[in-house]
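1. This is a predicted model, with the sequence first.
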Amino acid sequence: MVGWLNTGGMQIPPNKKNNKNNMQGWIKLHRQISENPFCSKSLERLGFWTKLLLMVNHADKVFYLGCQKLTCKAGQIVTGRKSLALECGIDESKVERFLKRLETEHQIEQQKTNKFRLITIVNWEQFQQERTPNRTTDEQQMNTNKNVKNVKKKEIYKEKKVFINYGEYVRLTETQYSALSETYSEPVLKSKIEDINNYCASHNKSYKDYSAVIRSWMKREGFIHPFNWSKYTDEELMPILKERPELCKEAQIKRPTALFLSQTMT
C-alpha cells in the first residue's frame, strides 16, 4: 500500500484532565503504517501509535512546570505513563512496554525525569511537514518568508537582556551577577568590579562581556573554587548552567536532570 491517508481534520475530544492538548487540525498517516513492525501486530498498537501522533505538538510551544518556563518542540509531548494510560484506555505497564518497543525500533526517543517524560517522534518534520507537489511556487515563497520573519522575531526576543550598571563601565544582568556571587565571595567580587571599572577608565577601554572579563581576571589571580552542587536544587541550577556552560560537562554526571531542564528552558 502506498500514498498518504489524510485524516481530514478529525478531532478527538480531549481528556478532561489534559484539556490543554491541541487536538485541532489533521496529521499525515502513510498507508505503509499497516506494514510497520509495531503497528501491524494489533489494532491496539496501531491505536496507541496514532494517538501519540495526534497528541504531539505540531509547532514549538511553551509550557510551565511550576514556575519554570520550558519549550516543547514540534513532534514532542511532555506527559507521563499514567496520563498516557488514561488517554489510551490501557494499563500503565502496557504503556511502558509499548514505549520501550517504539524506542527500540527507533520510532521515538524518550527523556525521563522524576517529574515528567519527554517523548519525541523520530523524523516528525520529514513526514508531517513535507511539501505536496501541487503547491505553487508563490505559495511556497510566501510560507518561506513567513517562517523567516518568525525566526527573526524569536531571535530579537532572545537577544533582549536587562543590564544593571555596577560602576561607570561594568554592566551585568541579574543572572550574571548572581552566578558570579555564587562562585566568589561578595567582598572579592565587589573589589574586582571596582578594579575593572578603574582599569577601563584609565585606559579608555570597554568590553562586550564583563562577566567573562571578571572570570578571566579572577582565574588569572587564582580565585578558583570548586562548585558546590549539593547547595542547589534543580530549579536553582537551571539559570546557573545557562550562564556557566563550563559546568555542563560535570553536570552530566552530578546533576543530569538540572542540565536537561536548563537546555530546554527559554
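-> Okay, I see it.

2. Do I have it right that Asn36 meets Trp49?
-> Yes - the pair Asn36 and Trp49 passes the contact test of C-beta atoms under 8 Å, sitting 7.4 Å apart. For every residue, glycine as well, the C-beta is placed using N, CA and C.

3. From Val188, how far off is the residue of the chain positioned farthest from its centre?
-> The C-alpha centroid of the chain is most remote from Ser202, which lies 43.8 Å away (C-alpha atoms, centre = their mean). For Ser202, the distance to Val188 (C-beta to C-beta, to the nearest Å) stands at 21 Å.

4. same thing with Ala201?
-> To Val188, Ala201 is 21 Å away according to C-beta to C-beta.

5. Neighbour count: the two, which is higher?
-> Neighbours of Ala201 and Val188, each counted by other C-beta atoms under 10 Å, are more numerous for Val188; the result is 15 against 12.

6. That one and Glu194, how far apart?
-> Note on Val188: its distance to Glu194, by C-beta to C-beta, is 11 Å.

7. Run through the strands of the protein in chain order.
-> With strands called from DSSP state E, the chain shows them at 4-6, 28-30, 61-65, 68-72, 76-79, 108-112, 117-121, 163-165, 171-173.

8. need those strands in CSV with mean pLDDT, mean neighbour count and distance to Pro239, can you?
-> Shown next, in CSV, are those (pLDDT from 0 to 100; neighbours: other C-beta atoms under 10 Å; distance: least, C-beta to C-beta, whole Å):
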stretch, mean pLDDT, mean neighbour count, distance to Pro239
strand 4-6, 47, 12, 44
strand 28-30, 76, 15, 39
strand 61-65, 76, 12, 15
strand 68-72, 78, 16, 10
strand 76-79, 87, 20, 20
strand 108-112, 88, 15, 20
strand 117-121, 89, 19, 20
strand 163-165, 90, 11, 15
strand 171-173, 92, 18, 10
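
9. Between these, which one is closest to Gln252.
-> The closest approach between Gln252 and any of the strands of the chain, judged by C-beta to C-beta, belongs to strand 108-112 at 13.3 Å.

10. What are the contacting residues of that closest one?
-> For strand 108-112, contacts defined as C-beta atoms under 8 Å, 6 or more residues apart in numbering pick out Leu52, Leu99, Leu102, Glu103, Arg117, Leu118, Ile119, Thr120, Ile121, Val122, Phe260.

11. ok, the residues you listed vs Tyr64, which is closest?
-> Nearest to Tyr64 among those: Leu118, at 14.9 Å, using C-beta to C-beta.

12. wait, that closest one sits on Gly80?
-> No - using C-beta under 8 Å, Leu118 makes no contact with Gly80, being 10.4 Å away.

13. Show me what stretch 114-124 is in contact with.
-> Contact partners of stretch 114-124, identified using C-beta under 8 Å, 6+ apart, comprise 52-53, 56, 65, 72-81, 99, 106-112, 257, 264.

14. Could you list the domains of this structure?
-> For the chain, automatic domain parsing gives the domain ranges 4-126, 163-264.

15. Start and end of the shortest one, how far apart?
-> By that I understand domain 163-264. End-to-end distance for domain 163-264, by C-alpha to C-alpha, to the nearest Å: 23 Å.

16. tell me the contacts of Phe63?
-> Shown in contact with Phe63 (C-beta under 8 Å, 6+ apart): Lys69, Leu70, Thr71, Cys72, Val78.

17. Do a quick rundown of the helices in the protein.
-> 43-55, 81-88, 92-104, 124-128, 137-159, 174-183, 186-203, 210-220, 234-243, 248-254, 256-264 (DSSP state H).

18. TSV for these, including distance to Glu168 and mean pLDDT?
-> Converted to TSV, the helices of the chain look like this (distance: least, C-beta to C-beta, whole Å; pLDDT from 0 to 100):
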stretch	distance to Glu168	mean pLDDT
helix 43-55	54	87
helix 81-88	54	87
helix 92-104	56	90
helix 124-128	49	73
helix 137-159	24	54
helix 174-183	16	86
helix 186-203	6	89
helix 210-220	12	88
helix 234-243	24	82
helix 248-254	33	79
helix 256-264	33	80
